[in-house]
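In: here you go, sequence then predicted model.
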Amino acid sequence: MFYKILRILLILTAGMVGYNAATYISQSPIAPIVGIFVGIGIGLLILLIEILLQRYSGPSLVAGVIGLIVGLIVANLVAPAILSIVRVSWYIHIMLIIIFSYLGIVITVRKMDDIPFLSRLRKRDKSVEKYKILDTSVIIDGRIADIYDAGFIDGQLVVANFVLKELQLVADSHDPIKRNRGRRGLEVLKSMQRKMGEHIIMTEDEFNDIKDVDTKLVKLAEKLNGSLITNDFNLNKVAELQGVRVLNINELANAVKPVVLPGEFMQIHVLKEGREYNQGVGYLDDGTMVVVENGRKLIGKDIEVIVTSVLQTPAGRMIFTRSKEEDDYV
């Protein structure tokens, strides 16, 4: 809310400055109106630049400013020499300033890891700020937004440009199931951007020499010294082998499920037949599978069961039970 108020004040101030400047420059009756629109346009341009700059880390912005300064210095050193040899107009000088400023920014930002004092700045930033890189599956899942709002994840959430492209490809798939998943992921991402603002950033690191998205995510996590957030089992294992810290949403969900001990009673609706002979299967509210021994004849009924054992698997938790009536009979 604070930033929204500041942005509104910026646009209003820009409009007032445009009005006063136009009134001072011209006596035309339409000049104030034109000045207001020009001022508001400049204010909106500043906000657009602010939004674009949110994609880049602090060290990258510092490197860009340093590159801009170096480019301006070089342009002003080179321009007089060229102008003394060739008689050209003043706009050539401006063009040289723009070219050298651009080159200075691009070179320092892209090669900052090879420049000693800038590379130290990046390492220092990594030790202070924690980045959490989101993969495609966790965006489609959607639970990450609620987990972040609850305060269980700090730092900044990072969405790579290649992850966004993968989401768009899934959303454009001919398979209706994949298409719906991709569109859900894009909607979740848009909602997160609206709610989190500067706490979620986009990065344009592409790693064009790597084709596999999972490998790109691992390389990005290594570059930013951040953690991967996923619910992909294979990516989880690959990242751990590379020494990258992984936060698995499914593991978190399993960790916060209520503890069930053998001997406890619970109410369950037997929904379908189990995999083994004469078993019935039901589910808890959190999706945990409950297997009822000799429960095939109880399909469609709400019954009270007693827990006999609990099995924890990589895919989740399974609770084995038997009917309380059967237990009483025994």
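Out: Ah, there it is.

In: could you pull out the helices for the protein?
Out: For the chain, applying DSSP state H gives helices covering 2-25, 31-53, 58-85, 90-110, 116-128, 136-141, 143-149, 161-171, 176-196, 213-224, 233-241, 249-255, 324-329.

In: tell me where the model's unsure across the stretch 101-250 of the chain.
Out: The stretch 101-250 of the chain contains residues with pLDDT under 70 at 112-129.

In: the longest strand seen in the chain packs against which elements?
Out: Within the chain, and with DSSP state E defining each element, the longest strand by residue count is strand 302-313. Strand 302-313 sits against strand 265-269, strand 289-293, strand 316-323, helix 324-329, with contacts defined as 3 or more Cβ pairs under 8 Å, 6 or more residues apart in numbering; DSSP states H and E. C-beta coordinates here come from the backbone N, C-alpha and C atoms, glycine included.

In: among those, which is nearest residue 199?
Out: Closest to residue 199 of those, according to Cβ to Cβ: strand 316-323, at 30.0 Å.

In: what average pLDDT does the closest one get?
Out: For strand 316-323, the mean pLDDT works out to 86.

In: list the contacts of it.
Out: Residues outside strand 316-323 that contact it (Cβ atoms under 8 Å, 6 or more residues apart in numbering): 250, 254, 257, 260, 266, 268, 284, 287-295, 298, 303-311.

In: the longest strand of the chain: how far from the chain's middle?
Out: Centroid separation for strand 302-313 versus its chain: 38 Å, with Cα atoms, centre = their mean, to the nearest Å.

In: residues touching the residue lying closest to residue 205 once chain neighbours are set aside, list them.
Out: Of all residues not flanking residue 205 in the chain, residue 220 sits nearest, at 5.7 Å (Cβ to Cβ, 6 or more residues apart in numbering). Residue 220 makes contact with 133, 158, 160, 203, 205, 207, 226, according to Cβ under 8 Å, 6+ apart.

In: ok, the fifth one touching residue 158?
Out: No - with the criterion set as Cβ atoms under 8 Å, residue 205 and residue 158 do not qualify as a contacting pair; they are 9.4 Å apart.

In: please say which of these two ends up with more neighbours.
Out: Set residue 205 next to residue 158 and count neighbours by other Cβ atoms under 10 Å: residue 158 wins out with 25 against 14.

In: identify the bridge partners of the more buried one.
Out: Taking DSSP bridges as the rule, residue 158 bridges to residue 133, residue 201.

In: and residue 262, what does it touch?
Out: Residue 262 touches 307, 308, 309, 310, counting by Cβ under 8 Å, 6+ apart.

In: can you do 7 Å?
Out: 307, 308, 309 (Cβ atoms under 7 Å, 6 or more residues apart in numbering).

In: dump the residues you listed to JSON lines, plus pLDDT, neighbour count and distance to residue 211.
Out: As requested, those are arranged in JSON lines below (pLDDT from 0 to 100; neighbours: other Cβ atoms under 10 Å; distance: Cβ to Cβ, whole Å):
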{"residue": "307", "pLDDT": "91", "neighbour count": "17", "distance to residue 211": "47"}
{"residue": "308", "pLDDT": "91", "neighbour count": "15", "distance to residue 211": "48"}
{"residue": "309", "pLDDT": "91", "neighbour count": "12", "distance to residue 211": "45"}
